[in-house]
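In: Got a predicted model here, sequence first, then my questions.
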Amino acid sequence: MNAFNRIVMLIIALLLIAVPVLILLVAFGVISADVIDAYTGYRDAVGALGDLSISDFSGSVRVVLAVVGVLVALIALLLLLRELTFGRRVARSTVMDDTPGKETVITASAVKALAEGAAREVGAESPSVSLTSKDRDYLISAGITVPPSANYTEVATRTRENIRRVLEEQGVPVQDVEVTAQGTA
């Protein structure tokens, strides 16, 4: 997940946490409503929202607002789903050798680059690799695009074998490699 997605998700999460907490603090009398209003100006916003009526908008403005609302909801959902792993642990790095004085760690981005290079090496086009880990071993899922004149099964099998071979030659612990042919180039 890139930094932009994380920043957007952080802002959404903070808003979803901060607003209810402030409302509860005001409701229980811990913080004065005047103090919150001095910093946020929420009373003006609540007043503006209270004066707002759906009849104030024309039909075309309603449609535009609905489309914008749906787009914002879809973008937020997309960012949320990209952040979730649905039970599979995302691999960050793996210790390849833990011998004192010879500790070696390989990052997930290095393993991903190796796997993508191995896929291109046997003729797969536009490889996209995702990694998860189980114990210390990597589970590699690669999606490839097959050249139009090539056999899907043959290219997928060669890609799987080559990814496994290249990673094992480098000492990367691999549990399984799964290759999915996604179409032709």
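Out: Nice, I can see it.
In: Going by C-alpha atoms from here, please, whenever you check contacts or count neighbours.
Out: Will do.
In: Give the rounded mean pLDDT of stretch 114-134.
Out: Stretch 114-134 shows a mean pLDDT of 87.
In: Tell me the buried residues in that stretch?
Out: 114-120, 122-125, 127-133 (16 or more other C-alpha atoms under 10 Å).
In: Now do it: distance from first to last residue.
Out: Start-to-end span of stretch 114-134 (C-alpha to C-alpha, to the nearest Å) is 19 Å.
In: Same check on stretch 29-46?
Out: Using C-alpha to C-alpha, first and last residues of stretch 29-46 are 19 Å apart.
In: again with stretch 97-106
Out: End residues of stretch 97-106 are separated by 10 Å (C-alpha to C-alpha).
In: residues making contact with it?
Out: Stretch 97-106 has contacts (C-alpha atoms under 8 Å, 6 or more residues apart in numbering) with Ser93, Thr94, Val95, Met96, Val172.
In: Among these, name the buried ones.
Out: Counted by 16+ other C-alpha under 10 Å, the contacts of stretch 97-106 give Ser93, Thr94, Met96, Val172 as buried.
In: Can you lay out these as a markdown table showing pLDDT, distance to Ala66 and secondary structure?
Out: Below are these laid out as a markdown table (pLDDT from 0 to 100; distance: C-alpha to C-alpha, whole Å; DSSP: H, G, I helix; E, B strand; the rest coil):
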| residue | pLDDT | distance to Ala66 | secondary structure |
| --- | --- | --- | --- |
| Ser93 | 70 | 43 | strand |
| Thr94 | 71 | 46 | strand |
| Met96 | 70 | 52 | strand |
| Val172 | 84 | 50 | coil |
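In: residues in contact with Ser149?
Out: Contacts of Ser149 by C-alpha under 8 Å, 6+ apart: none found.
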